[in-house]
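# sequence isn't available, so here's the structure alone:
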């Protein structure tokens, strides 16, 4: 994807009037038992739960627990009631708005991709989807209104370890098998930056996977399915337990022709775990692998000035029949957790991730000597990391105290070759290395039986060396090399939060925080002027961009009583040096100051054991607060979003009905910072799912987009032709039938 993004940005600079190829830039384009009382849950994993998140979303039941003791329990076993109901007081980092989505929510959801599941159950979360249906690849989740650069401002974790890489590709959620997930914890706003570092501006999505620990000696699960567009899929999982040892494996594969021409998609993913668990020591090894092949259909162009409307004349067609993007990934993580003394745990883990990507953007089957019409990109990114940390739970002046401190070290090397064809010498041979060292501390204190306070800070140093080994003699070369860069920068993040329980039903929370985002390598590869916008004379790139910083405040309330749970908050976020692609200058630059503000509310009501109702709504404003676009909306952000859902166990799990509806208001097209083009229309979808289980056998039938809405949620406006744009149409009504068995 990083080559995909980089190559497309070059295309974007060269194609002034033709938006159809310009629109290829997808980078423009997500509670168990506790001790007697509750301590504010900034929780480092205990020894028997070490590969979990650092900041714990406690889950259900908090409002009825006695207060002021350390909570050692995990946030849920993935088999309990809906995470939509887990809007409890003191969930997540103190003072933040948090959503917990359980394995049961995922299993019941009619949505077919992880990004859609998160958007349907997290108020304010928006998604940008290019292909729809069974193709979750390249779909981004946007927390708090970042539009085309949502992926760079939303931090994704697996078991508390960051997956965001130093390239623009960020995290492809489709590479994580859905049935391997125990729960998803979504914390919105800047506060996650203290524990996890950069990219945690809009929020943090922590995906906690299953381990198989504590289960039967042997279990297995198989599932197969087929659906619209010749979709075929298969899932398999198994776990073994023997004494202190346990192991598990989760794998899936999917093939589909896709809704569009030249949109064939295939993907295989696997996650394997080995765990050793004793009372005072645990250790684990996790290995992951994925392989993805994706054909790229490009956008459908609309230009009223010449009477062209491909959305109507050939909605499923392609303007890029030769383009594709492939990816292969491997990762290994190992670590241990050791109780040093009562209340003091040492957790050490480290790992390596390797990602290879190849993408091709051709106007013909073979390279041609024309201006930026043939580009082949081959990249490799390897990241090593080690993240030791210490958790100390104690009493401080009679107050329950929990201190979490640690060091994060990441070493990433990135190589990219960019030329006219796969077997031709490359024009650019980029070589970048980024080393990140950070120290952090977060302290949570129960200052009163009803009041918890948390504060923390992170200091992070980033050293970058970037070089372009340019080959002027490479075939079809029309560029010049980039200037080298060596930079060394130190940034910091802050968090201060508080929660106060008025009674067992109502609690108030608030916080203030500072976060930052370091420009990724793809943004640096397309920084500085690559050519003069008037004469088109080549000018060297510079790799230089400023670090984006953000300050935000938030306040809200939790209500929990009977079957009702509600969480609502207001927030304000001011940013400087936000990174964005300039449609006028044709390269990445730092924007004038921007602002995000809005409200988010989630509500669920359990009518009885068989019926659960849930809803969410949000108002999101993302605007430029200074500069030539002051007061204009940031593109690709809808002001209003809403969702509603129902889970009805019609008869003892033999027949269960799930329904989800999502609505979003209009949004500005990508490239339309001036706000002069026609916006992307408002729309909505309804998804239904019938499922059932009899003894070891289970089945489901999903119907997505029941009303057959013909819509798109990504489009890019022409820089030079008023009214001209290119959109990525999404499927109408689709079907998916699945069946399987457990052993």
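Yes, it's here. Treat the numbers as computed from the prediction; the structure is a model and nothing was measured.
# what ranges of the stretch 1-150 of the chain fall below the confidence cut-off?
1-91 (pLDDT under 70).
# ok, the stretch 151-300 of the chain next?
Using pLDDT under 70, the stretch 151-300 of the chain drops low at 167-170.
# would you map the helices across it?
Using DSSP state H, counting those that start in this stretch, the helices of the stretch 151-300 of the chain run over 193-196.
# nearest spatial neighbour of residue 610, chain-adjacent residues omitted?
Spatial nearest neighbour of residue 610, excluding adjacent residues (C-beta to C-beta, 6 or more residues apart in numbering): residue 649 at 4.3 Å. In short, each C-beta sits where N, CA and C put it, glycine included.
# elements contacting the helix or strand harbouring residue 359?
Per DSSP states H and E, residue 359 falls inside strand 344-362. Strand 344-362 sits against helix 2-14, strand 324-341, strand 374-386, strand 389-396, with contacts defined as 3 or more C-beta pairs under 8 Å, 6 or more residues apart in numbering; DSSP states H and E.
# for residue 155, find the nearest of these.
When these are compared by C-beta to C-beta, strand 374-386 sits nearest residue 155, at 14.3 Å.
# tell me which residues in the closest one are buried?
374, 375, 376, 377, 378, 379, 380, 381, 382, 383, 385 (16 or more other C-beta atoms under 10 Å).
# can you give me the neighbour number for residue 258?
Residues near residue 258, counting by other C-beta atoms under 10 Å, number 23.
# please renumber the chain so that the first residue is 22 from this point on.
Let's use 22 as the start, then, which means that last one is residue 279.
# quick check: it touching residue 250?
Yes. Using C-beta atoms under 8 Å, residue 279 is in contact with residue 250, at 5.8 Å.
# tell me the mean pLDDT over stretch 482-496?
Averaging pLDDT along stretch 482-496 yields 90.
# which positions in that stretch come out as buried?
483, 485, 486, 487, 488, 489, 491, 492, 495.
# next: stretch 454-467.
Quick answer for stretch 454-467 (16+ other C-beta under 10 Å): 454, 455, 456, 457, 459, 461, 462, 463, 464, 465, 466, 467.
# filter those residues down to the ones in helices?
Applying DSSP state H to these, no entry is found in helices.
# give me the number of residues near residue 290?
The local packing of residue 290 (other C-beta under 10 Å) involves 23 other residues.
# which residue packs closest to it, ignoring adjacent ones?
Of all residues not flanking residue 290 in the chain, residue 311 sits nearest, at 4.6 Å (C-beta to C-beta, 6+ apart).
# quick one: contacts for that neighbour?
196, 288, 289, 290, 291, 348, 349, 350 (C-beta atoms under 8 Å, 6 or more residues apart in numbering).
# now, the most widely separated pair of the buried residues of stretch 482-496?
Greatest spacing in the buried residues of stretch 482-496, by C-beta to C-beta: 483 and 495 (31.3 Å).
# and of the contacts of residue 311, the nearest to residue 612?
residue 348 (29.3 Å).
# circling back: closest to residue 268 among the contacts of residue 311?
residue 291 (13.3 Å).
# just checking, that closest one touches residue 270?
Yes. The pair residue 291 and residue 270 qualifies as a contact (C-beta under 8 Å) at a distance of 6.9 Å.
# so how far is stretch 687-707 off the chain centroid?
The chain centre lies 22 Å from the centre of stretch 687-707; the measure is C-alpha atoms, centre = their mean, to the nearest Å.
# buried stuff in it?
The neighbour-count check on stretch 687-707 (16+ other C-beta under 10 Å) flags 688-694, 698-701, 704-707 as buried.
# that stretch - what's its average pLDDT?
Taken as a whole, stretch 687-707 has a mean pLDDT of 94.
# what's the answer for stretch 346-356, then?
Rounded mean pLDDT across stretch 346-356 is 95.
# returning to what we had before: would you point out the most distant pair within the buried residues of stretch 687-707?
Pairwise distances across the buried residues of stretch 687-707 peak at 32.8 Å for 694 and 707 (criterion: C-beta to C-beta).
# circling back: closest one of the buried residues of stretch 687-707 to residue 515?
Nearest to residue 515 out of those is residue 694 (C-beta to C-beta; 30.0 Å).
# quick one: residues contacting that closest one.
Contacts for residue 694 were tallied using C-beta under 8 Å, 6+ apart; they are 604, 645, 650, 653, 655, 656.
# just after the strand ranked longest in the chain, pick out the following helix or strand.
Longest strand in the chain, counting residues (DSSP state E): strand 447-469. Sequence-wise, the next helix or strand downstream of strand 447-469 (DSSP H and E) is strand 472-489.
# how far off centre is that following strand?
19 Å.
# list the buried residues of the helix or strand following it.
Heading C-terminal from strand 472-489, the first helix or strand you meet, by DSSP H and E, is strand 506-522. By 16+ other C-beta under 10 Å, the buried positions in strand 506-522 come out as 506, 508, 512-522.
# want to throw those into JSON lines with pLDDT and distance to residue 181?
As requested, the buried residues of strand 506-522 are arranged in JSON lines below (pLDDT from 0 to 100; distance: C-beta to C-beta, whole Å):
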{"residue": "506", "pLDDT": "82", "distance to residue 181": "32"}
{"residue": "508", "pLDDT": "85", "distance to residue 181": "29"}
{"residue": "512", "pLDDT": "94", "distance to residue 181": "21"}
{"residue": "513", "pLDDT": "97", "distance to residue 181": "21"}
{"residue": "514", "pLDDT": "97", "distance to residue 181": "17"}
{"residue": "515", "pLDDT": "98", "distance to residue 181": "20"}
{"residue": "516", "pLDDT": "98", "distance to residue 181": "16"}
{"residue": "517", "pLDDT": "98", "distance to residue 181": "22"}
{"residue": "518", "pLDDT": "97", "distance to residue 181": "19"}
{"residue": "519", "pLDDT": "97", "distance to residue 181": "24"}
{"residue": "520", "pLDDT": "97", "distance to residue 181": "22"}
{"residue": "521", "pLDDT": "97", "distance to residue 181": "27"}
{"residue": "522", "pLDDT": "96", "distance to residue 181": "27"}
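# redo these as JSON lines? Include distance to residue 184.
Output for the buried residues of strand 506-522, formatted as JSON lines (distance: C-beta to C-beta, whole Å):
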{"residue": "506", "distance to residue 184": "26"}
{"residue": "508", "distance to residue 184": "24"}
{"residue": "512", "distance to residue 184": "20"}
{"residue": "513", "distance to residue 184": "23"}
{"residue": "514", "distance to residue 184": "19"}
{"residue": "515", "distance to residue 184": "24"}
{"residue": "516", "distance to residue 184": "21"}
{"residue": "517", "distance to residue 184": "27"}
{"residue": "518", "distance to residue 184": "25"}
{"residue": "519", "distance to residue 184": "30"}
{"residue": "520", "distance to residue 184": "29"}
{"residue": "521", "distance to residue 184": "34"}
{"residue": "522", "distance to residue 184": "34"}
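# right, I'll call it a day here.
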